[in-house]
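Trainee: Need a 3D model of the following:
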Amino acid sequence: MSALAFTRRVAAVALLAAPFVTHAADYPSKPIHFIVPYTPGGTTDLVARTVGQKVAEKLGQPVLIDNRGGAGGNIGMDAVAKAAPDGYTIGFGAISTNALNPHIYKSMAFDPRKDFTAISLLGTSTIVLEVPASLPIKSVPDLIAAAKKNPGLPYATAGAGTSMNLAGVMFAQMTGTELVHVAYKGSGPAITDMLGNNIGVMFDNLPASLPHIQAGKLRALAVAGPTRSPSLPDVPTMAEAGLKDYALEPWFGVYGPAHLPASVVKALNEAFTEALAMPDVKAKLQQAGFSPRGSTAQELTTLTQTEYQRLGDVARKAGMTAD
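Mentor: Here you go, the predicted model:
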């Protein structure tokens, strides 16, 4: 092949590739849909809207929050998995949707290990064990005693297969009590029933319940994490309340469909990690009981894989099911 022919071939290939290079360089050129797989009013909704606003400012395009609750978050994340891998549909994944659910749902429409592209960790939350303030139960030992006197005591969570559900299963196992799980479609409806004294016990992500605890309408008995929450410094951990080695700390992350272009992942990762590091964002989320923390895409990929294995073992030992 002559030098002239080679040059022409290279030029032809460059022309064919040019639209794709331009597209990547122009990302984003339209609004980004950020699917939150839970109903409005919960932890994920608060974090998504707070961080999403800053990401929109960074990228120069609106970030539209799309709440799609149901099936422990599976419905919303399935929509993410099936979206075009162009960066215009991303999702708010969690320890439940991307690590626990495949082990407790008989039928899963996606595989979290293969059907997503990890973008960035968002942070961790605190699970709080709470009761209506009107009840005489004032501590974890009080609740254990009540549960043993009343086998089948119901407890609420934001949904089957959530980390709150796991927290309840672990609590029942470690205390030798028989609890019945009542799965709601999000924290909001469950809290409404708690405030109306229609259910007496709840495991919830702290940001959704914190205003009601601070208002004296709900009583926090303990937090599930390894350390006390800065938002509730006087509330003990489960371990401090007598359940040795009890610790559960939910994590959350941003995912896109599988096969997202590296340039798109880079743009989104930079936008989210910068947003999470902003002092006003950190202050707002920490005040609500959420601990914001960004990560590299690889760090979230590794976390997803290791937690998938770990929680699979936990779910099998507990006999957890969500169907």
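
Trainee: per the record, what domains does this protein have?
Mentor: 1-25, 31-125+250-318, 127-223 (automatic domain parsing).

Trainee: closest one to residue 243 among those domains?
Mentor: For residue 243, the closest of the domains of the chain is domain 127-223, at 5.1 Å, according to C-beta to C-beta. All C-beta spots, glycine's among them, are computed from the backbone N, C-alpha and C.

Trainee: how far does the closest one stretch from start to finish?
Mentor: End-to-end distance of domain 127-223 (C-alpha to C-alpha, to the nearest Å): 6 Å.

Trainee: what would the domains of the chain look like in a markdown table with distance to residue 233 and mean neighbour count?
Mentor: Listed next are the domains of the chain as a markdown table, based on distance: least, C-beta to C-beta, whole Å; neighbours: other C-beta atoms under 10 Å:
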| stretch | distance to residue 233 | mean neighbour count |
| --- | --- | --- |
| domain 1-25 | 47 | 10 |
| domain 31-125+250-318 | 12 | 20 |
| domain 127-223 | 10 | 20 |
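
Trainee: Mean pLDDT lowest where, among the ones you listed?
Mentor: Note on the domains of the chain: lowest mean pLDDT is at domain 1-25, with a mean of 43.

Trainee: To residue 239, which of the domains of the chain lies closest?
Mentor: Closest to residue 239 of the domains of the chain, according to C-beta to C-beta: domain 127-223, at 8.8 Å.

Trainee: Show the contacting residues for residue 187.
Mentor: 38, 39, 41, 42, 43, 158, 204, 205, 208, 209 (C-beta atoms under 8 Å, 6 or more residues apart in numbering).

Trainee: give me that answer again for 6 Å
Mentor: 42, 158, 204, 208 (C-beta atoms under 6 Å, 6 or more residues apart in numbering).

Trainee: Tell me how far the third one lies from residue 95.
Mentor: This means residue 204. Distance of residue 204 to residue 95, given as C-beta to C-beta, to the nearest Å: 15 Å.

Trainee: just the last one next, same as before
Mentor: Residue 208 sits 16 Å away from residue 95 when distances are taken as C-beta to C-beta.

Trainee: Tell me the gap between the host helix or strand of residue 154 and the middle of its chain.
Mentor: Assessed by DSSP states H and E, residue 154 sits inside strand 153-157. A distance of 20 Å separates the centroid of the chain from that of strand 153-157, by C-alpha atoms, centre = their mean, to the nearest Å.

Trainee: helices or strands next to it in the packing?
Mentor: On a contact count with 3 or more C-beta pairs under 6 Å, 6 or more residues apart in numbering; DSSP states H and E, strand 153-157 meets helix 163-175, strand 179-183.

Trainee: want to try JSON lines for those, with distance to residue 301 as columns?
Mentor: JSON lines is the format used below for these (distance: least, C-beta to C-beta, whole Å):
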{"stretch": "helix 163-175", "distance to residue 301": "20"}
{"stretch": "strand 179-183", "distance to residue 301": "29"}
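
Trainee: Tell me which of the ones you listed lies nearest to residue 297.
Mentor: With respect to residue 297, and counting by C-beta to C-beta, the nearest of the helices and strands packed on strand 153-157 is helix 163-175 at 22.3 Å.

Trainee: ok, residues contacting that closest one?
Mentor: Contacts with helix 163-175, where a contact means C-beta under 6 Å, 6+ apart, come from 95-96, 127, 144, 155, 157-158, 179, 181, 203-204, 224, 243, 246, 248, 250, 318, 320.
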